[in-house]
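Novice: predicted structure and sequence below. I'll ask about it afterward.
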Amino acid sequence: MDGISPDLKERLSERLRNHPIAAMLHPTIEDLSLDGCVLRMPFRPEVSNGYGAVHGGVLATLADSAMAFALSTNFDGEMGFATADLTIHYFKRARTDVTARARVVKKGKRINVGIIDLYDTGGDLVATVLTSFLLTDPADAAECDAL
């Protein structure tokens, strides 16, 4: 799998199965490659904003998680990191399952930058996210990693 450990997708999927926020979102890793992750979340009324669309904060959480997994491919899931910044631009209401396509676009010694595009099941762009992650000490991984 593109220079990453063959079991990394399963280890990250296990992390999703055991995380409280993931229990609410029900995301699945559709694809994982070096510097990239595709994460899909099914639409359910529990993640809606009351108007039949996925809540914007839920979309931001999905994007943040997808980027965390994309970044973790560089560290075999062991490096600690924390979201330093996240800017989301909403283009369309999502009333279906949502797919987040994350990619790391800049790797640094302390800051890494990524872009996440969110799509509905019709393939329409719902939102685009620009985010930066601060790398921390590996000992901090348990405290700092996203989903």
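Specialist: Received the coordinates, thanks.

Novice: wait, Asp35 sits on Asn112?
Specialist: No: using C-beta atoms under 8 Å, Asp35 is not in contact with Asn112; the gap is 9.4 Å. Yep, even glycine has a C-beta here, placed from its N, CA and C like the rest.

Novice: among those two, which residue is more densely surrounded?
Specialist: Per other C-beta atoms under 10 Å, whichever of Asp35 and Asn112 has more neighbours is Asn112, with 23 against 18.

Novice: picking that back up, where do the contact lists of Asp35 and Asn112 overlap?
Specialist: 71, 104 (C-beta atoms under 8 Å, 6 or more residues apart in numbering).

Novice: residues contacting the residue nearest to Asp124 when sequence neighbours are not counted?
Specialist: Leaving out its chain neighbours, the residue that sits closest to Asp124 by C-beta to C-beta, 6 or more residues apart in numbering is Lys92, at 5.7 Å. Lys92 makes contact with 120, 124-127, according to C-beta under 8 Å, 6+ apart.

Novice: and which of the residues you listed is nearest to Arg101?
Specialist: Closest approach to Arg101 among these (C-beta to C-beta): Leu125, at 10.1 Å.

Novice: hey, what's that closest one bridged with?
Specialist: Beta bridges link Leu125 to Tyr119 when assigned by DSSP bridges.

Novice: pretty sure it contacts Ala94?
Specialist: No: Leu125 is not in contact with Ala94 according to C-beta under 8 Å; the separation is 10.2 Å.

Novice: show me where this structure has its helices.
Specialist: With DSSP state H, the ranges of helices along the chain come out as 8-17, 20-25, 56-72, 141-144.
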